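Undergrad: predicted model, plus sequence, below.
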Amino acid sequence: MEEAVRSGSWSADGRLAAADDATLVTACAQHEPGAFQELLSRYRRPAITLAYQMLGNSEDAEDVAQEAFVRVFQAIPRFRGQSAFSTWLYRIVTNLCLANRRRRKVTVGLDSVREPRSSDSPSKTVTQALVTRQVLDAMTPDLRAILLLRDQEGLSYSEIAEALRLPLGTVRSRLSKARMSFRQIWNGLSEGGEEQS
Amino acid sequence: MTCRLYEEQLSSYLDQELPAARVARLEAHLKTCQRCREELEAMGGIAGQLRAASSLLEVSHDFDKRVLRAFGYYRVTGWQKPVKSYLRPLVLAAVLLLGMLAAMWNFLTRPYEPAPQPAPAYSVGAPAATGAPAPGVPERERRR
């Protein structure tokens, strides 16, 4: 595969989709055009989703994800591969989100939420999504970030430690705190909703 | 140990990150404490809640194009390597200069076309056999 990257013969024969992230990063460093698009197609949605759950606004989320991808692509020639591409990308997205939230007050909205096509009751699904967003918004940014990296993006403890530049023990304790905080706020909102209805 | 202290271990236990020495004690507690069992189950459901919420998010159809444009790639007729931003004014200046040179070359090398002369007020027949120039013919043409 590496040889194919060097010779530039691989993009036309459909091997891009089968390549792992590290190979695609190598191809990007050599300005193999399809490699950028393949990485985008793999991580477009996770990056935007992470940003959206952090910020609560889809336009800001896309702006942040776009900025993160541009930074990553520009820095790819200098990327040494000490961490996974995904960890690197998520770190940049998280940092941009934290900076963004510091700059402006974020309001909760379901501006980009569409009605689901599943057989579930649409209103119930959307309502639960709204409550989840409210819970996330009520959490502190640090707790929200670690919860999303673990429970939404599925990063391991060591990957989270790399992404957030935290000791492993801190990841363990902060994640526990984040989950307890999520549960506490969720229960509070559920009880409040029941009282109102 | 109180439930509160066990609760702090539930998250690591859920991810199989709890040190082995504590696992046995926590599992013994879980057998007797319904509240902690319910809390463990609820924590395990957070991932599903987050994914369900994010699955409703719609991504703009032109997101990739915007990223690649911002990065410096353009897809018009095919992929092109990005032009460094500081080179763009130079490229633009070179294109303008080439355009000006082409216009000058075109102006200097075009064939001569005499300006149209007003028709004489009188009619003349064929030029005289003496070789006298016909009226209205420019001096340059007369020499040919």
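TA: Good, I have the coordinates. Numbers count the residues shown, from 1 in each chain, chains lettered A, B, ... in the order given.
Undergrad: buried residues in whichever helix or strand residue B:49 is part of?
TA: If you go by DSSP states H and E, residue B:49 is part of helix B:46-54. In terms of neighbour count (16 or more other CB atoms under 10 Å in any protein chain shown), helix B:46-54 has its buried residues at B:46-47, B:49-50, B:52-54. Placement of C-beta: from N, CA and C, glycine included.
Undergrad: chain center to it, what's the gap?
TA: 33 Å (CA atoms, centre = their mean, to the nearest Å).
Undergrad: stretch B:92-102 now?
TA: With CA atoms, centre = their mean, you get 24 Å for stretch B:92-102.
Undergrad: what's the nearest residue to residue A:85 if we skip its chain neighbours?
TA: Distances taken as CB to CB, 6 or more residues apart in numbering or on different chains place residue A:21 nearest to residue A:85, at 4.2 Å, with adjacent residues excluded.
Undergrad: kindly report the same for residue A:44.
TA: That would be residue B:63: by CB to CB, 6+ apart, it lies 6.1 Å from residue A:44.
Undergrad: just residue B:29 next, same as before
TA: residue B:6 (5.2 Å).
Undergrad: and the one you found, what element?
TA: Counting by DSSP H and E, residue B:6 is part of helix B:3-14.
Undergrad: got it, and residue A:83?
TA: Going by DSSP H and E, residue A:83 is not in any helix or strand.
Undergrad: settle this for me: it is touching residue A:159, isn't it.
TA: Yes: between residue A:83 and residue A:159 there is a contact under CB atoms under 8 Å: 7.5 Å.
Undergrad: surely the residue nearest to residue A:44 touches residue A:51?
TA: No: proximity of residue B:63 to residue A:51 does not meet the contact threshold set by CB under 8 Å, at 11.7 Å.
Undergrad: quick one: which of those two has more around it?
TA: residue A:51 (28 against 18; other CB atoms under 10 Å in any protein chain shown).
Undergrad: contacting residues around the more buried one?
TA: Residue A:51 makes contact with A:60-62, A:64-65, A:68, A:93, A:96-97, according to CB atoms under 8 Å, 6 or more residues apart in numbering or on different chains.
Undergrad: pull the contacting residues for residue A:159.
TA: Shown in contact with residue A:159 (CB under 8 Å, 6+ apart): A:83-84, A:86-87, A:149.
Undergrad: still on that earlier bit, turn the contacts of residue A:51 into a markdown table, including secondary structure, pLDDT and distance to chain B.
TA: Formatted as a markdown table, the contacts of residue A:51 follow (DSSP: H, G, I helix; E, B strand; the rest coil; pLDDT from 0 to 100; distance: CB to the nearest CB, whole Å):
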| residue | secondary structure | pLDDT | distance to chain B |
| --- | --- | --- | --- |
| A:60 | helix | 92 | 13 |
| A:61 | helix | 93 | 8 |
| A:62 | helix | 94 | 6 |
| A:64 | helix | 95 | 12 |
| A:65 | helix | 95 | 8 |
| A:68 | helix | 95 | 9 |
| A:93 | helix | 95 | 13 |
| A:96 | helix | 94 | 14 |
| A:97 | helix | 92 | 14 |
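Undergrad: name the nearest residue to residue A:60, ignoring sequence neighbours.
TA: Going by CB to CB, 6+ apart, residue A:60 has residue A:100 as its nearest residue, at 6.3 Å.
Undergrad: for that neighbour, give its distance to residue A:65.
TA: 11 Å (CB to CB, to the nearest Å).
Undergrad: which one of the two has more residues nearby?
TA: Neighbours were counted for residue A:100 and for residue A:65 using other CB under 10 Å; residue A:65 has more, 30 against 20.
Undergrad: the more buried one contacts residue A:40, correct?
TA: No: look at residue A:65 against residue A:40 with CB under 8 Å: they stay out of range, at 9.9 Å.
Undergrad: where does chain B have low pLDDT?
TA: Applying pLDDT under 70 to chain B flags residues B:1, B:73-86, B:118-144.
Undergrad: now with 80?
TA: Along chain B, segments meeting pLDDT under 80 span B:1-2, B:73-88, B:110-144.
Undergrad: distance of the most centrally placed residue in it from chain A?
TA: Most central in chain B under CA atoms, centre = their mean is residue B:69, positioned 1.8 Å from the mean C-alpha point. Noted for residue B:69: a distance of 10 Å to chain A, by CB to the nearest CB, to the nearest Å.
Undergrad: give me phi/psi at that residue?
TA: Backbone torsions for residue B:69, taken as degrees, to the nearest 10, come to phi -70, psi -40.
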